[in-house]
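Here you go, sequence then predicted model.
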Amino acid sequence: MLEWLIVFLDVVHLVARGIFPLLFLHRLTGCPGRVSRFVLYLFLLFLLAALSLPESFVLGLEILVLLGIARFSLGRPWSVSGLGAVLAVYLWQLSWGIVDSLESMVFVYLPSEPLMSLSLCLASLASLAVCALSYYVALRFSRPLAGPAPFLLLPIAFSFAAEFYLLQNDYRAFVLPAPWMPGKHLGLLSLQLLGLGANLATLYAYRRICDGFAAQAALDSLAQAAHAQESYLHEAKARYDATRALRHDLQNHLSILSGLLSAEKTGEARQYLGKLQTAAAALSFPCQTGLPAVDVLLGEKLQWAACCGVVVDFSRLSLLRGEIDEFDLCILFANALDNAILACRDLPGERRVCLFGECQGDFLRLSFENPCADAPLPPAGVGLSNIEAVAKKYHGTLLVQQEEGRFCLDVLLNLSLPAEGIS
């Protein structure tokens, strides 16, 4: 009975050895898993077990297979693929090393061989639990590797080599009975735990570095947006001052026109009226939202779209209320229109960006629709992240849809609640 239990646990151990590392590799690289990969990897492990190859050869082949899966099947960089493969196998080996150290400290106190066999069965189960815990903690301390990370490979490869040496020289040559010394194995256990802690600290440091770069990129983007909005406000103020000056002189212009008409100089009156109309048109905005900075921004985006051969339809954009900060609205409109114009400027056929916006009760709804390439949506960039931050500030929602070559971005802002700070 005990022999059958040992065989069963060997099979369970082999299945777990095929699932845990590959699942960890998918999570670490941020890629979805496929059943076919797990089936093929399990078949390879059972084949290696049937051939009874040396452990060092099996480990090396496991690393190469995981490296190939991450590089060629998942499309990750070489450094990320190597790091994920080595770390996946290392954590598996480490779980067995920790359990071996704990087991060896109490092994000599077992009085009979059946108890020793039962101890081996319990150790097999314990190693699976420690392995699952190690993978879980490693994923919690790290984040999906989005870019090359060659500097992480060296410390993790060193830990893997040290763990492999300990297992091969201290535990894999174990023969019953043997006079094991608990103090020695306590020291080995301490080294293994320190190695695990060092690798977790390395992964956590890499995570914080990535977070720092992402935060810096977001700050740079907001700084650029703030500079752009400041220029919009200055231009809006300049237009306002020019409009006020024109209105101040309007009575004089009307008097001049009246005098020309009284003197029956209709040609000169038409010329003067044309100049007056040109001056007034230069001060008008193509889109009237009631917010000067937004009107200036939309005017600039309309000019840029025309240069790109894109038509922007503002006809369904209503007057906007003042409960929302103009700075936030400029961030929202600038990023949404930039993305829409860039997405359709190189497409064949009609390139039209439709903008809809109106206040509905305590909510402001904005919608941007444009044609797009018939391809999967790319990962969210900085522009969409800035729009999401504005929506979050005003307790709103963001909805992105793509269907039949059309892309639609809907933003709903709640104006009845006080705005939060953008985090």
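Structure's in. What do you need? Predicted model only: the values in this text are computed from it and were never measured. Residues are numbered from 1 along each chain as shown.

Name whatever forms a beta bridge with the closest residue to residue 317 other than its chain neighbours.
What sits nearest to residue 317 in space, not counting adjacent residues and going by Cβ to Cβ, 6 or more residues apart in numbering, is residue 357, at 4.6 Å. In this view, the C-beta of every residue, glycine as well, is placed from N, C-alpha and C. In this structure, residue 357 bridges to residue 317, residue 366 when assessed by DSSP bridges.

Give the rounded mean pLDDT of the helix or strand hosting residue 100.
Assessed by DSSP states H and E, residue 100 sits inside helix 78-107. Averaged over helix 78-107, pLDDT sits at 79.

buried stuff in it?
79-105, 107 (16 or more other Cβ atoms under 10 Å).

For residue 274, see how far away residue 268 is.
Distance of residue 268 to residue 274, computed by Cβ to Cβ, to the nearest Å: 11 Å.

which of those two has more neighbours?
A count of neighbours by other Cβ atoms under 10 Å puts residue 268 above the other of residue 268 and residue 274, at 15 against 10.

and the strand or helix carrying that one, how far from the chain's centre?
Using DSSP H and E, the element containing residue 268 is helix 266-282. For helix 266-282, the gap between its own C-alpha mean and the chain's C-alpha mean amounts to 56 Å (Cα atoms, centre = their mean, to the nearest Å).

in the stretch 101-250 of the chain, which spans are helices?
For the stretch 101-250 of the chain, helices defined by DSSP state H, counting those that start in this stretch occupy the ranges 113-141, 150-166, 182-248, 250-262.

Low-confidence stretches in the stretch 101-250 of the chain?
Low-confidence segments of the stretch 101-250 of the chain (pLDDT under 70): 105-121, 146-151, 169-183, 218, 221-222, 224-226, 228-244, 246-248.

Can you name the residues that contact the residue nearest to residue 317?
Residues near residue 357 by Cβ atoms under 8 Å, 6 or more residues apart in numbering: 289, 316, 317, 318, 320, 364, 365, 366, 367.

Narrow those to those that are buried.
By 16+ other Cβ under 10 Å, the contacts of residue 357 give 289, 317, 320, 364, 366, 367 as buried.

Just name the lowest-scoring one in the residues you listed, pLDDT-wise.
Taking pLDDT as the measure, the buried ones among the contacts of residue 357 have their low point at residue 320 (72).

Name the SS class of it, please.
Here residue 320 takes the coil state, with states given by DSSP: H, G, I helix; E, B strand; the rest coil.

Find the nearest non-adjacent residue to it, please.
Once flanking residues are discounted, residue 320 sits nearest to residue 289: 4.8 Å by Cβ to Cβ, 6+ apart.

quick revisit: could you list every helix and strand that the helix holding residue 268 packs against?
Packing contacts for helix 266-282, counted by 3 or more Cβ pairs under 8 Å, 6 or more residues apart in numbering; DSSP states H and E, involve helix 250-262.

Please work out the angle formed by the directions of the helix it packs on and helix 266-282.
Helix 250-262 and helix 266-282 are oriented at 160 degrees to each other (axes from the mean of the first three to the mean of the last three Cα atoms, to 10 degrees).

Begin at 38 from now on, thanks
I'll keep to 38 as the first residue from here, and by that count the last item is helix 287-299.

And helix 287-299, what does it pack against?
Where contact means 3+ Cβ pairs under 8 Å, 6+ apart, helix 287-299 is packed against helix 303-319.

If you count neighbours, what's buried in the helix it packs on?
By 16+ other Cβ under 10 Å, the buried positions in helix 303-319 come out as 306, 313.

helix or strand right after that helix?
Assigned by DSSP H and E, the successor of helix 303-319 is helix 329-344.

Show me how far that following helix is from its chain's centre.
Put simply, helix 329-344 sits 30 Å off its chain's centre (Cα atoms, centre = their mean).

So, low pLDDT: which residues of the stretch 288-437 of the chain?
Ranges of the stretch 288-437 of the chain meeting pLDDT under 70: 288, 290, 314, 316-323, 325, 356, 358-359, 414-417.

gap between residue 379 and residue 343?
15 Å.

Oops, could you answer that again for residue 389 instead?
Counting by Cβ to Cβ, the separation of residue 389 from residue 343 is 12 Å.
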